[in-house]
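J.: give me coordinates for this.
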Amino acid sequence: MVKEYYDNSDEGQRFQPGTTAEGEAVDQKFDEVAAGFQETEKDTRRALKFPFSDGMPSQEFEATAFQRRNRVLGFDTDGNLALVSGFFNRGDWQPDTDYFLNDVVRDPVTTNLYVLIVSKHTSGATSDFGNTSLWYLAIDADTVRTERLAAEDARDLSEQYRDSSRLWATSLEAVADGLRGARYYALSARGDEQAARGYRDEVEAAEGRIETLEQSATSAEGTATQAASDASNSASAAAASESNIQDVESNVTTLATQVEADAESASLSAAEADSVAERINDTTTMDFLNFELSGPDLIAHFAGYSDADNFSVNAAGELEVTL
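T.: A predicted model of the protein is given here:
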């Protein structure tokens, strides 16, 4: 629907030549024209516009509705408007056919795929894929085939490596050169780990015993130090005791000497007493009568003593001799 910015088609509302135009009618016409320009400005401002330059091509699309299906407006490599799409597959190349930007065409001879890079191109009697200003080689079939074969070879090699890796991972027997699978070594490592844990426990127990022995050694060292101190004190006491013993031995020796001297003196006194007693027993009554001595003096005379002080008569009338 075409939008009418200003409609002056009704001749009855037009100003007629030779008539008088009223001011209000003229103002109304000018208001309608101004309103039309305002609507035109709105549409112009939101319209897609391009900077104008001399010689720029027309931006009008020549494609039919059928040709425009599934297409969008875009720009070609020259920056002009063109019908574009992500990519549109046109199948095998055909002569005398209109192709548009991003049309994908297959070369029926080489099976290569080409993409049109201009807004529009009409093919001739023979293909012109060698013209790089028109067509872009998207997929080189020969390269794809070569890469497909290489990919298949890589797949086969990968499967071989997969099977070999699986064998190396799970086998408990020798795989190659006497080497076994990873599972065997993992189980062996697990046993070694358990043994290592046992050794670790033994080491910890030994460390505990060593710590106990160190404590015992420390205690024994203290005991030995105390014992050495006690021994030193005992040695000092023994030395003092030895000195005391020597003093006692000296005293005993002195006392023994004294006792020996006293015994010898007593022995001499006893011998002397025996001699006196013997002389007394040998004396007769007549001997007493021949002397005018009496009492102690007489006895002293017969006993061989010159002094009668050694003899006395006690209160009982008994004779006492002082040796």
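
J.: only C-alpha atoms for contact and neighbour calcs from this point on.
T.: Noted.

J.: which residues in the stretch 51-200 of the chain form strands?
T.: 72-75, 81-84, 88-92, 98-100, 103-106, 113-116, 120-122, 135-139, 174-176, 179-180 (DSSP state E, counting those that start in this stretch).

J.: tell me the mean pLDDT for the fifth one?
T.: Okay, so that is strand 103-106. Averaging pLDDT along strand 103-106 gives 94.

J.: which residues are in contact with it?
T.: Identification of contacts with strand 103-106 by CA atoms under 8 Å, 6 or more residues apart in numbering yields 87-93, 112-116.

J.: let's have those in CSV, adding distance to Q226, neighbour count and pLDDT.
T.: Listed next are these as CSV, based on distance: CA to CA, whole Å; neighbours: other CA atoms under 10 Å; pLDDT from 0 to 100:
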residue, distance to Q226, neighbour count, pLDDT
F87, 105, 13, 84
F88, 108, 16, 84
N89, 108, 13, 89
R90, 112, 15, 91
G91, 112, 13, 94
D92, 114, 14, 96
W93, 116, 20, 95
N112, 106, 19, 94
L113, 106, 22, 95
Y114, 107, 22, 96
V115, 107, 24, 95
L116, 110, 23, 93
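
J.: between those, which sits nearest R148?
T.: N112 (14.8 Å; CA to CA).

J.: that closest one touches R145, doesn't it?
T.: No: using CA atoms under 8 Å, N112 is not in contact with R145, being 10.9 Å away.

J.: doesn't D27 belong to a helix?
T.: Yes: using DSSP: H, G, I helix; E, B strand; the rest coil, the secondary structure at D27 is a helix.

J.: OK, contacts around G130?
T.: Counted by CA under 8 Å, 6+ apart, G130 has zero contacts.

J.: pLDDT value on it, please?
T.: 92.

J.: roughly how far does it sit from Y136?
T.: 9 Å (CA to CA, to the nearest Å).

J.: same check, this time on G55
T.: For G55 relative to Y136 (CA to CA), the value is 27 Å.

J.: between G130 and Y136, what contacts are shared?
T.: Common neighbours of G130 and Y136 (CA under 8 Å, 6+ apart) do not exist.

J.: is it true that F87 touches L113?
T.: No: the criterion here is CA under 8 Å, and F87 misses it with L113 at 11.8 Å.

J.: list the buried residues in stretch 130-143.
T.: By 16 or more other CA atoms under 10 Å, the buried positions in stretch 130-143 come out as 134-136.

J.: got the CA coordinates for that stretch in CSV?
T.: Extracted as CSV, the C-alpha positions of stretch 130-143 are listed here (Å, rounded to 0.1, in the frame of the first residue of the first chain):
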residue,chain,number,x,y,z
GLY,A,130,39.0,-20.9,-13.4
ASN,A,131,37.9,-17.2,-13.1
THR,A,132,38.7,-16.5,-9.4
SER,A,133,37.0,-13.1,-9.6
LEU,A,134,33.7,-15.0,-10.0
TRP,A,135,34.1,-18.3,-8.2
TYR,A,136,35.8,-19.4,-5.0
LEU,A,137,37.0,-23.0,-4.6
ALA,A,138,35.4,-24.0,-1.4
ILE,A,139,36.1,-27.8,-1.4
ASP,A,140,38.8,-29.5,-3.5
ALA,A,141,37.5,-33.0,-4.0
ASP,A,142,40.9,-34.4,-4.7
THR,A,143,42.3,-33.0,-1.5
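
J.: so how far is that stretch off the chain centroid?
T.: 60 Å (CA atoms, centre = their mean, to the nearest Å).

J.: quick check: which ranges of the protein have low pLDDT?
T.: Along the chain, segments meeting pLDDT under 70 span 1-3, 175, 178, 273, 276-313, 317-323.

J.: residue boundaries of the helices in this structure?
T.: Using DSSP state H, the helices found in the chain span residues 23-45, 141-170, 182-282, 285-289, 295-303.

J.: do you know which of these lies nearest T97?
T.: Closest among these, using CA to CA: helix 141-170, at 23.4 Å.

J.: which parts of the closest one are buried?
T.: 167-169.

J.: coming back round to it: quick one: the contacts of strand 103-106 as JSON lines, columns for distance to F15 too.
T.: Converted to JSON lines, the contacts of strand 103-106 look like this (distance: CA to CA, whole Å):
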{"residue": "F87", "distance to F15": "58"}
{"residue": "F88", "distance to F15": "58"}
{"residue": "N89", "distance to F15": "61"}
{"residue": "R90", "distance to F15": "60"}
{"residue": "G91", "distance to F15": "64"}
{"residue": "D92", "distance to F15": "66"}
{"residue": "W93", "distance to F15": "64"}
{"residue": "N112", "distance to F15": "71"}
{"residue": "L113", "distance to F15": "68"}
{"residue": "Y114", "distance to F15": "65"}
{"residue": "V115", "distance to F15": "61"}
{"residue": "L116", "distance to F15": "58"}
